[in-house]
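Visitor: I need the structure of the sequence given here:
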Amino acid sequence: MRDQSIVRIMTSEPATMNVDEPAAKAVQILETEAIHHLPVVEDGRLVGIVSTPDLLKLYLLGDDPPAANSIPVRQIMQKDPVVVASSSNLRDAAEMLSTGSFHALPVVDTDGLLVGIVTSTDLIQHLLMQIPRGDGSLAEVSTAALQTRNRVLEEVCRAVELYIRSGHAEHEHSVLLKKLAAARVSDDVTL
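Guide: Okay, here's the model as predicted:
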């Protein structure tokens, strides 16, 4: 695992946003893409990263939530984030992420241009594929299966959120139960 290139597990061409775009757009992208970290670029160069906790702080600590929507992302992003070179290996990324102070590493090429992003979740999923099961077999998970699993989990999370916000309305309860049942019986997903 240590000698495998970071390119193997990174998300290529990640969603990004420009430094001058409003925080509301960051919220929209994070929700739409079902991600938690969003690289911020200026003229194609990485200048920061904004995460779900950054936006949560903005909305929880702000005096005027509607005004928070218009704040440019440059005011809330983490400037000069720790990055990993595209020539790095998985061990390099794991060591950097093991500090626990962040959970995503933008991947840059030799010119400093953003080429991808790798998260602690990416590393854990890759590790799980390397660890033998009880019968000694290795889990073979295709990219399509991972995308399907992520999509099902996103649907479950949306159903849970709707349920929680609804005050336990009967319709939302049935939607949640259906999503959970679908997730359990899916051929491509193991929960």
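
Visitor: per-domain residue ranges of this protein.
Guide: Domain assignment for the chain by automatic domain parsing gives 6-130, 143-185.

Visitor: and stretch 131-150, what's its mean pLDDT?
Guide: Averaged over stretch 131-150, pLDDT sits at 63.

Visitor: which intervals of this structure have sub-threshold pLDDT?
Guide: 1-2, 61-68, 136-153, 155-177, 179-191 (pLDDT under 70).

Visitor: just the helices in it please.
Guide: 23-33, 52-61, 65-68, 90-97, 120-130, 143-166, 170-185 (DSSP state H).

Visitor: picking that back up, TSV please, covering the domains of the chain and showing mean neighbour count.
Guide: Where you see a C-beta, it was placed from the backbone N, CA and C, and this is true even at glycine. Formatted as TSV, those follow (neighbours: other C-beta atoms under 10 Å):
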stretch	mean neighbour count
domain 6-130	16
domain 143-185	14
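
Visitor: surely residue 23 touches residue 77?
Guide: No - counting by C-beta atoms under 8 Å, residue 77 is not a contact partner of residue 23; they are 9.4 Å apart.

Visitor: intersection of neighbour lists for the two?
Guide: Residues touching both residue 23 and residue 77 (C-beta atoms under 8 Å, 6 or more residues apart in numbering): residue 50.

Visitor: residue 60 versus residue 112, what's the distance?
Guide: According to C-beta to C-beta, to the nearest Å, residue 112 and residue 60 sit 34 Å apart.

Visitor: how about residue 8?
Guide: From residue 8 across to residue 60, the span is 37 Å (C-beta to C-beta).

Visitor: over to residue 22?
Guide: Where residue 60 is concerned, residue 22 sits at a distance of 18 Å (C-beta to C-beta).

Visitor: and for residue 13?
Guide: 31 Å.

Visitor: how about residue 108?
Guide: 31 Å.

Visitor: got the contact list for the nearest residue in space to residue 80 that is not next to it in sequence?
Guide: Counting by C-beta to C-beta, 6 or more residues apart in numbering, residue 80 lies nearest to residue 48, which is 7.1 Å off, once chain neighbours are set aside. By C-beta under 8 Å, 6+ apart, the contact set of residue 48 is 19, 39, 40, 73, 74, 77, 78, 79, 80, 81.

Visitor: next, give me the two most distant ones among those residues.
Guide: With distance counted by C-beta to C-beta, no two of the contacts of residue 48 lie farther apart than 73 and 80, which are 14.7 Å apart.

Visitor: endpoint to endpoint, stretch 73-88 covers what distance?
Guide: End-to-end span of stretch 73-88 (C-alpha to C-alpha, to the nearest Å): 29 Å.

Visitor: who's in contact with that stretch?
Guide: Here stretch 73-88 has contacts from 5-7, 10, 17-23, 25-26, 39-40, 46-51, 54-55, 57-58, 92-93, 96, 102, 105-110, 115-116, 118, using C-beta under 8 Å, 6+ apart.
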